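>>> okay, sequence plus prediction incoming.
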Amino acid sequence: MVVQARHGFPGEPAVRVASGGALLGCDDGRVSTTNVILIIVAALVVLAVLVGTGILLARRRRVSLAQQEREDTSAGQGGYRAGSGISLSSGGTTTAPEHPVEERTETQGQPGVGDDAAVPRDSQRRGMVDVPLPSSSEVDDTTVGTDDDTATTTGEPPAADSATAPAVPEQPSPAESESVAETDTSSRRKEDSESTASGGATGTVPPETPERTEGVVEEAGAEPGTAADTEVEPIEPSTGRLERLRGRLSRSRSMFGQSVLGLLGAGDLDEDSWEEIEDTLLMADLGATTASEIIEWLRTEVAARGVRTPEQARALLREVLVDALATTQSRAVQALPHGDPADGGKPAVALVVGVNGTGKTTTTGKLARVLVADGRTVLLGAADTFRAAAVEQLGTWGERVGAEVVRGDEGADPASVAFESVQRGADSGVDAILVDTAGRLHTKTGLMDELGKVKRVVGKRAQVDEVLLVLDATTGQNGLAQARVFADVVDVTGIVLTKLDGTAKGGIVFQVQRELGVPVKLVGLGEGADDLAPFEPEAFVDALLG
Ligand SMILES: Nc1nc2c(ncn2[C@@H]2O[C@H](COP(=O)(O)OP(=O)(O)OP(=O)(O)O)[C@@H](O)[C@H]2O)c(=O)[nH]1
């Protein structure tokens, strides 16, 4: 139906409004101008509201997308989100932001104008660089693996390039290794001794080790760790040894257990008694400082606790002596491998040093037994090239425990023997390499320099884990003077105090540890193969006090 709308003014055209038959805004069925305007305004308002809502919704959608993106990113960096909201990531590969390289005038990695310092340079970074190891000149100095040596020893031409191939011999091929291992021990030793007599190296040195040093001979006593042809003796367990051997400290015990304890337990000590106690401590080699300090502690505690009975006196003396032996350093002998040597791990390396006759070779052998009893494989390095008997002595220890021995002919350079031992031990994957060095007087600077060289040369091939200084307890104060010099030259890491079974001067233990700041790790209590005990302050003091 068509409705005619008329304006209120005559002559104006009628407005036709399509509707359901009713006129809007006026009674006469015509739409007035005001009403039309109102309708238009209302429509505009509705339109404006719709547009406003649309914009709002569009903005909201953008924010939620951004959050989604952030969540996705964090999940990609390891997925751990701390409570504080900070995302943490594992150390995986990070993607550097793309650099607009085409916008840069400089492409060689130098910063360009306006470059953000945080933007990584897109030139190639410097990676790992192969630095040639010290070889020709330095190793010449140490006489390890020089070309001349090579020629003398093996008759082989010198290594092609000694600068790029330092004195680290190639591992023998399995077949060649076998042939060395299968060689009969006695015939090898015979050959070796013949070579010693003639002053040259033997032909038993495998030709595949061109850098092998003159005079260094491997003894095929056994393949490391296997007691194939050797009968390994039963070895006493090392635990509780100090208790079992406590009777061996009887001479020192008479000083502490009888003299000191006797005086202290008598009660009502006068000045003379205290002086007597101090003298006894001095005679037991505690040294002036330690002795007077111990007397001071005892006097204070006796007064404070009112010590009356021998039991109380014993308990107090024990406490004070154990305290005086305390150290924060570990007494463990560092002779266990770094990882599993069969799986790329490295053997432990220990050097045994000290002056002549202190018991180095014996200690090396005893220690090898302890390790073998613990299920470890050991290689012994006989770097005592001064004394042929010492080499033989170590060879015997090696046979007894089924350990391979690398030895040097008399007069060979000890540093080269030590190096060769470490090389051989690393190649064959033993757990521990124990290198016995020649006895040397600490007063001879040349000999001490040589010892320093032994350690340096070994250090080129492997980490030296332990430097055991062997001190003869019977030498008392002189042992201390030796210890100071050795500690200076080779950074001693542990003390072995031998022959405590034959002395009344067990007090040296207190002094050595205190003055050197190096822990006493082992004590020798006899010439027997298993007369080496771990040093445990409580057990030691108990043995001293009886
Ligand atoms: N009573 C006793 N004797 C020991 C002990 N340790 C070693 N000995 C003896 O001391 C002597 C010297 O021992 P070695 O092992 O040959 O001494 P070394 O330090 O290797 O000697 P050099 O190679 O000449 O410097 C030997 O007779 C050993 O049996 C010990 O703890 N107690």
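Sure thing, it's come through. Numbers count the residues shown, from 1 in each chain.
>>> next, count neighbours for the nearest residue to Val509 once chain neighbours are set aside.
Excluding its sequence neighbours, the residue lying closest to Val509 (C-beta to C-beta, 6 or more residues apart in numbering) is Val520, at 5.5 Å. Heads up, the C-betas are built off the backbone N, CA and C, glycines and all. Around Val520 there are 24 other residues, counting by other C-beta atoms under 10 Å.
>>> so who does Val520 touch?
Residues near Val520 by C-beta atoms under 8 Å, 6 or more residues apart in numbering: 331, 494-497, 509, 512-513, 535.
>>> which residue, other than its chain neighbours, is closest to the closest residue to the ligand within the stretch 201-350 of the chain?
Closest contact between the stretch 201-350 of the chain and the ligand, by C-beta to the nearest ligand atom, is at Arg248 (8.3 Å). Distances taken as C-beta to C-beta, 6+ apart place Asp501 nearest to Arg248, at 3.8 Å, with adjacent residues excluded.
>>> mind listing what that neighbour touches?
Asp501 touches 245, 248-249, 524-526, 531, counting by C-beta under 8 Å, 6+ apart.
>>> tell me the pLDDT at it?
Note for Asp501: predicted pLDDT of 92.
>>> which phi and psi does it have?
phi -70, psi -20 (degrees, to the nearest 10).
>>> neighbours of the residue of the stretch 201-350 of the chain closest to the ligand, how many?
Arg248: 22 neighbours (other C-beta under 10 Å).
>>> what does the one 4 residues further on give?
By other C-beta under 10 Å, 24 other residues sit near Ser252.
>>> tell me which element it is part of?
helix 250-253 (DSSP states H and E).
>>> what is that helix packed up against?
Helices and strands touching helix 250-253, by 3 or more C-beta pairs under 8 Å, 6 or more residues apart in numbering; DSSP states H and E, are helix 537-545.
>>> any buried residues in the helix it packs on, and which?
Using 16 or more other C-beta atoms under 10 Å as the test for burial, helix 537-545 gives 537, 539-545.
>>> out of those, which comes closest to Gly446?
Phe540 (36.7 Å; C-beta to C-beta).
>>> now the closest one: closest residue in space that isn't a chain neighbour?
In space, Phe540 is closest to Leu242, 6.4 Å off (C-beta to C-beta, 6+ apart).
>>> ok so the one you found is a helix residue?
Yes. With DSSP: H, G, I helix; E, B strand; the rest coil as the criterion, Leu242 is part of a helix.
>>> would you agree it is in contact with Glu538?
No. Counting by C-beta atoms under 8 Å, Leu242 sits too far from Glu538 to count as a contact (9.3 Å).
>>> just to revisit the earlier point, mind putting the buried residues of helix 537-545 into JSON lines with pLDDT and distance to Ile294?
Shown next, in JSON lines, are the buried residues of helix 537-545 (pLDDT from 0 to 100; distance: C-beta to C-beta, whole Å):
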{"residue": "Pro537", "pLDDT": "93", "distance to Ile294": "14"}
{"residue": "Ala539", "pLDDT": "91", "distance to Ile294": "19"}
{"residue": "Phe540", "pLDDT": "91", "distance to Ile294": "15"}
{"residue": "Val541", "pLDDT": "92", "distance to Ile294": "12"}
{"residue": "Asp542", "pLDDT": "91", "distance to Ile294": "17"}
{"residue": "Ala543", "pLDDT": "89", "distance to Ile294": "18"}
{"residue": "Leu544", "pLDDT": "89", "distance to Ile294": "13"}
{"residue": "Leu545", "pLDDT": "88", "distance to Ile294": "14"}
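>>> cool, thanks, talk later.
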